[in-house]
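> when you get a sec, could you give me coordinates for this:
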Amino acid sequence: MHDAVTGSRSAQWFAAEGRNGFIHRSWMNNQGFGPEVFDGRPVIGIANSWSELTPCNAHLREVAEAVKRGVWQAGGLPLEFPTMSLGETLMRPTTMLFRNLLAMEVEESIRANPLDGVVLLTGCDKTTPAHLMGAASVDLPTVMVTGGPMLSGKFQGRDIGSGTDVWRFSEEARAGRMTAADLAEAEICMSRSRGHCMTMGTASTMACLAEALGMQLPGSAAIPAVDSRRYALAQATGRRVVEMVREELRPSAILTRPAFENAIRVNAALGGSTNAVVHLLALARRVGVPLTLEDFDALGRDVPVLVDLMPSGRFLMEDFYYAGGLPVVMRELGELLHTDQITVSGATVGANVAGARRWNDEVIRTREAPFQAAGSGTVVLRGTLAPRGAVLKISAASPHLLSHRGRALVFDRVEDYAAVCEDPALPVEPGTILVVRNAGPRGYPGFPEVGNLPMPKVLLDAGIEDMVRISDARMSGTGYGTCVLHTAPEAAVGGPLALVRTGDWIELDVPSRRLDLLVDEAELELRRRAWQPPPVTARRGWAKLYVDHVLQADEGADLDFLVGGGGHAVPRHSH
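Below you'll find the model as predicted:
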């Protein structure tokens with residue numbers, strides 16, 4: 001006999017008397033469950049974002065089986081259910097359009113079903129924050145298991161990284177420095193195992209931040225997808241979530257303001273993705289934690305980049321795991337973190353990382369000899385061009401462009417720029433500032449990863465590999481370059497970005513955290529009066545709901561009616 005959970009949520013289904021209890025138990029019997037599983041044991045939902053259309057998550061069915069073993073071991077009843085899967089590599093127009101939809105689906109699926117606790121199985125970029133947002137809004141005991149990174153790519157005797165080397169090889173091929181045959185060979189050498197991106201892109205960043213927040217078991221984020229320890233970890237998670245149900249340890253006790261501060265500082269130490277900003281802001285608003293754009297700059301200024309990983313450095317996630325993984329980074333950060341924060345392990349951050357050991361001091365550096373100096377992570381810019389903020393990743397930018405004044409070359413749509421970027425007559429110089437707008441949350445719609453715009457070919461041919469690029473879009477976490485992103489308010493709602501004209505002077509001053517359009521206010525007012533919003537193309541279904549309710553980038557780009565949690569009260573039954 002297994003320990004029953006007194007007054008458990010699932011008992012309101014399975015312990016019910018009369019017709020309702022008959023219905024709930026009887027229909028479950030068609031899967032071969034005997035009556036003994038309805039003895040009051042914790043029912044654990046396994047929310048699985050598996051899909052063959054999401055290559056990063058295509059192995060999660062096997063991960064789910066490992067979780068189930070652990071749940072059974074601990075005396076629970078595991079019940080797996082599917083969720084929408086957001087595949088960054090295939091979905092159009094952008095997976096970010098669907099992050100909030102997935103979060104809604106996860107939230108409502110958990111709330112509507114007889115579950116006492118939840119394990120979230122994710123991997124690809126948006127699946128991780130979406131699952132966290134949805135589960136946090138219900139606030140049942142929850143643990144996340146991310147699917148793990150791919151093994152390092154191997155090409156012509158060297159390691160290559162997903163995303164980062166895609167952008168690099170593409171530019172080299174455009175510049176004539178890489179042959180078509182080599183490009184084709186690299187294509188089949190890059191993604192050589194199951195798992196998500198093995199660079200410190202958004203998938204790896206969000207996996208690490210889920211661990212830093214305390215929502216994954218310690219040491220789990222970096223384990224390669226094909227490593228047997230990934231499955232042992234999943235099994236341990238299954239056991240642990242049953243214990244959490246009995247302890248009533250919920251996300252609301254874990255996802256506190258200090259936990260978010262820890263995550264922001266860890267992101268800075270990792271040289272993590274700028275996308276972490278929008279996802280953490282959205283998650284914080286779901287759980288009622290006050291978090292602002294300024295927190296990312298203020299909390300990251302005194303944190304050096306400790307990890308030498310692509311896109312900012314040389315190594316890949318496989319190397320990071322073998323070097324000791326995230327616990328080493330968190331131990332190294334020491335007093336910069338709130339080490340008394342509770343985590344899903346039941347122990348504090350400090351206890352989780354106390355025994356962490358560094359096995360490679362090239363991959364994971366010390367604070368005394370960091371990979372990059374403090375303040376090299378994501379910074380927040382404000383000014384007349386970004387009154388509500390914009391972000392830039394210093395570690396991925398060119399130092400000589402961090403203080404720069406140049407004339408704007410403006411495009412209303414990313415497609416307009418793509419149509420001319422190969423043109424040898426494009427009126428662009430090394431000092432030009434490339435501006436692409438109407439790619440924000442409402443404008444695209446969906447807030448796509450197009451901010452790391454390809455360099456104009458005329459500059460590539462001249463040996464110029466970077467320029468200042470400004471947009472209201474996002475950038476792939478695997479991308480690099482001097483790219484100003486998330487400019488808010490976005491152009492589609494009339495932000496100053498909508499008023500820029502080709503030839504205007506723009507000044508970027510990263511040390512002063514400024515981004516200014518150097519046009520006098522009288523002229524801007526004339527332009528403002530003449531401005532017309534772009535036509536709204538989303539007229540039905542999810543896209544219309546999204547456009548009508550999406551918040552701006554500085555607010556996390558969630559839907560306005562999803563801010564705040566909904567709780568785990570049992571819905572009314574219909575029988």
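
> and stretch 108-122, which residues are buried?
109-111, 113-122 (16 or more other Cβ atoms under 10 Å). Just so you know, the C-beta spots here come from the backbone N, C-alpha and C atoms, and that holds for glycine as well.

> residue 232 - that's part of a helix, no?
Yes. Counting by DSSP: H, G, I helix; E, B strand; the rest coil, residue 232 falls inside a helix.

> can you tell me how far the nearest residue to it once chain neighbours are set aside is from residue 121?
Of all residues not flanking residue 232 in the chain, residue 66 sits nearest, at 7.5 Å (Cβ to Cβ, 6 or more residues apart in numbering). Distance, residue 66 to residue 121, using Cβ to Cβ, to the nearest Å: 10 Å.

> ok, residue 399 - how many residues close by?
9 (other Cβ atoms under 10 Å).

> what does residue 195 give?
Residue 195 has 30 neighbours, counted by other Cβ under 10 Å.

> what separation do you get for it and residue 460?
32 Å.

> before we move on, the earlier item: check which helix or strand the residue nearest to residue 232 maps to.
Assigned by DSSP states H and E, residue 66 falls within helix 60-73.

> mind showing which ranges of the chain have poor pLDDT?
For the chain, the stretches with pLDDT under 70 are 1-7, 574-575.

> and the strands in it?
With DSSP state E, the ranges of strands along the chain come out as 43-48, 77-82, 117-122, 142-146, 153-155, 158-160, 378-383, 386-393, 403-411, 433-436, 469-471, 483-484, 505-509, 514-517.

> including distance to residue 228, could these go into CSV?
Listed next are the strands of the chain as CSV, based on distance: least, Cβ to Cβ, whole Å:
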stretch, distance to residue 228
strand 43-48, 20
strand 77-82, 20
strand 117-122, 17
strand 142-146, 15
strand 153-155, 21
strand 158-160, 22
strand 378-383, 35
strand 386-393, 34
strand 403-411, 49
strand 433-436, 45
strand 469-471, 43
strand 483-484, 39
strand 505-509, 48
strand 514-517, 48
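
> among these, which is nearest residue 181?
strand 153-155 (12.5 Å; Cβ to Cβ).

> and that closest one, what does it pack onto?
Packing contacts for strand 153-155, counted by 3 or more Cβ pairs under 8 Å, 6 or more residues apart in numbering; DSSP states H and E, involve strand 158-160, helix 180-190.

> most packed of those?
Each of the helices and strands packed on strand 153-155 was scored by mean neighbour count; the highest is strand 158-160, a mean of 16, by mean count of other Cβ atoms under 10 Å.

> neighbouring contacts of it?
152, 153, 154, 186, 189, 190, 315, 316 (Cβ atoms under 8 Å, 6 or more residues apart in numbering).

> next, the contact list for the third one, please.
In this structure, residue 154 makes contact with 160, 189, 192, judged by Cβ under 8 Å, 6+ apart.

> just the residues you listed now: which is nearest residue 336?
residue 160 (32.7 Å).

> beta partners of the closest one?
residue 153 (DSSP bridges).

> distance of it from residue 273?
19 Å.

> follow-up on the earlier one: in a markdown table, list the contacts of strand 158-160 along with distance to residue 101.
Output for the contacts of strand 158-160, formatted as a markdown table (distance: Cβ to Cβ, whole Å):
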| residue | distance to residue 101 |
| --- | --- |
| 152 | 33 |
| 153 | 32 |
| 154 | 37 |
| 186 | 34 |
| 189 | 35 |
| 190 | 29 |
| 315 | 35 |
| 316 | 31 |
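
> of the residues you listed, which pair is most distant in space?
186 and 315 (18.3 Å).

> I'd say residue 93 and residue 444 touch.
Yes. Between residue 93 and residue 444 there is a contact at 6.4 Å, judged by Cβ atoms under 8 Å.

> look at the two and report which has more neighbours.
In terms of neighbours (other Cβ under 10 Å), residue 444 is the more surrounded of residue 93 and residue 444; the figures are 24 against 12.

> surely that one meets residue 438?
Yes. If you go by Cβ under 8 Å, residue 444 and residue 438 touch, sitting 7.0 Å apart.

> which parts of stretch 446-454 are buried?
446, 447, 448, 449, 450, 451, 452, 453, 454.

> correction: stretch 227-242
227, 230-231, 233-242.

> excluding its backbone neighbours, what's nearest residue 114?
residue 13 (3.7 Å).
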